[in-house]
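predicted model follows, preceded by the sequence.
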Amino acid sequence: MSNALEGVKILDLSQGVAGAYCTKLLAGSGADVIKVEPTKIGEITRRLGPFSGDQPGVEQGLMHLYLNTGKKSVTLDVHSAEGQSLFRRLAKDADLVVESFMPGTMVDLGLGYDQLSADNPGLVMTSVTFFGQDGPYSGYKGGEIIAQAVSGNLQITGAPDREPLMVGGYLAQYVGGQAACAASLMAVFHSMMSGEGQIVDCSIVEANTDMLDRWGIDAVLGRGDQPRTGMAHHWTYPTQLYPCRDGYVALGIEPAGWGALADMVGDDALRKPEYTGPERKQYHAEIDPILVAWLEDLGKMEVFEGFQKNRMSSGILMTPADMLESPQLQARNFFQEVEHPSTGPQMYPGPPYQLSDSEWIQTRAPLLGEHNHEVYVGQLGLSELELTELSAKGVN
């Protein structure tokens with residue numbers, strides 16, 4: 001089986017989640033990704049918890065281990081003249097450079113697009129930042145909750161009578177990484193066809209604003225702010241989480257499903273015609289007690305499968321154990337065991353997509369500077385003495 005991106009060479013100078021996820025996806029599809037990290041401390045995800053065995057260390061950070069599968073690691077001080085020279089030599093043979101510095105930093109380092117493309121006209125440079133390369137906010141610092149807030153997604157998340165809610169984890173930055181990956185692929189494909197490289201300017205905030213559905217669209221088009229609706233879906237009710245015996249279930253009941261629901265629950269009160277009309281959401285105070293009482297003695301898998309058999313949408317609130325044991329994920333070989341010298345064998349999430357004729361690369365994340373010799377000596381042709389001298393100076 002082939003690899004879709006075999007032969008594509010990428011330098012990943014990014015810090016944080018978005019850039020790393022972008023290049024993780026590319027590495028997973030076969031691209032040769034070299035993670036260029038600061039000397040001694042490595043890039044920032046190495047220092048983000050949680051840590052394997054609750055033992056902080058540059059090789060123990062679970063974010064790093066997940067986000068950098070399939071990559072190589074070299075250490076390099078790009079703030080030094082010798083480090084900049086080495087990076088320019090690496091970039092001469094690269095198809096793509098991914099970076100996440102504040103706008104203008106790469107130019108100040110002598111590593112801007114115009115400077116690198118002078119020796120490599122087909123080079124693509126993807127810059128992943130929170131606010132983009134220009135505009136009045138371009139120099140502002142960002143973060144996960146900042147991206148969710150400024151993108152407008154925080155405004156539409158949560159119950160209507162409560163404060164907005166942040167979605168857990170690093171969702172905004174993963175969305176930014178996906179956008180950067182897609183745009184980078186388009187630019188690299190264009191370069192391969194035309195020989196002309198270009199800059200990809202990926203704003204994490206804009207990637208997330210682009211996800212807004214009718215709530216945000218209505219506001220942008222001048223129809224006024226749309227209130228948060230909580231877990232009540234805008235066209236079916238109820239669609240929300242309900243407690244059951246061993247967890248929670250998400251139920252989505254379309255108008256045509258109320259008869260089947262009444263049969264399942266055994267309560268003809270659910271057959272009221274007003275429950276299937278356009279104003280059904282206003283009756284939640286009548287509907288919820290019936291469903292809650294019915295669900296309290298039922299298991300979540302029983303409810304999930306019962307709804308699906310009756311052609312009604314439903315799902316369970318998955319715990320980590322549920323996901324590992326999921327027959328669906330097991331059938332698709334989603335979780336894969338990866339051995340790492342610092343953590344031993346661990347189960348890792350697999351690819352977010354599958355290609356019929358391309359293998360997903362799921363090798364372990366590299367140790368800090370693990371590939372210095374391979375890249376600097378084997379690829380750039382430095383001598384052993386030169387490599388030792390550069391290491392002594394703190395360049396790599």
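Sure, I can see it.

what's the domain layout of the protein?
Domains of the chain are assigned by automatic domain parsing as 9-211+332-393, 239-318.

quick one: these as a markdown table, columns for distance to Ser2, mean neighbour count and mean pLDDT too.
No exception for glycine: its C-beta is placed from N, CA and C like everyone else's. Listed next are the domains of the chain as a markdown table, based on distance: least, Cβ to Cβ, whole Å; neighbours: other Cβ atoms under 10 Å; pLDDT from 0 to 100:
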| stretch | distance to Ser2 | mean neighbour count | mean pLDDT |
| --- | --- | --- | --- |
| domain 9-211+332-393 | 6 | 18 | 95 |
| domain 239-318 | 33 | 15 | 87 |
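
give me the longest helix you can find in this protein.
Assignment by DSSP state H gives helix 171-194 as the longest helix of the chain.

neighbouring strands for the very next helix or strand once past that one, and are they parallel or not?
Counting by DSSP states H and E, the next helix or strand C-terminal to helix 171-194 is strand 199-203. Strand 199-203 pairs in its sheet with strand 124-129 (parallel), by DSSP bridges.

ok, back up a step: helices and strands around the longest helix of the chain, which ones?
Other elements packing on helix 171-194 under the criterion 3 or more Cβ pairs under 8 Å, 6 or more residues apart in numbering; DSSP states H and E are helix 17-28, strand 96-99, strand 124-129, helix 144-150, strand 199-203, helix 204-209.

sec struct for Ala4, please.
Counting by DSSP: H, G, I helix; E, B strand; the rest coil, the backbone at Ala4 sits in coil.

who's in contact with the residue most central in space within the chain?
In the chain, the residue lying closest to the centroid (Cα atoms, centre = their mean) is Tyr174, at 2.4 Å. Counting by Cβ atoms under 8 Å, 6 or more residues apart in numbering, Tyr174 touches Val17, Ala18, Tyr21.

check the gap between it and Leu25 for me.
10 Å (Cβ to Cβ, to the nearest Å).

again, but for Ala285
The gap separating Ala285 from Leu25 is 45 Å, by Cβ to Cβ.

what's the answer for Gly257, then?
Distance of Gly257 to Leu25, computed by Cβ to Cβ: 37 Å.

check Val78 too.
24 Å.

do the same with Gln198
20 Å.

repeat for Ser14
Here the criterion is Cβ to Cβ. By it, Ser14 lies 13 Å from Leu25.

contacts only, for the residue of the chain lying at maximal distance from its centre.
For the chain, the largest distance from the centre (Cα atoms, centre = their mean) belongs to Asp268, which lies 44.9 Å off. Asp268 makes contact with Ala262, according to Cβ under 8 Å, 6+ apart.
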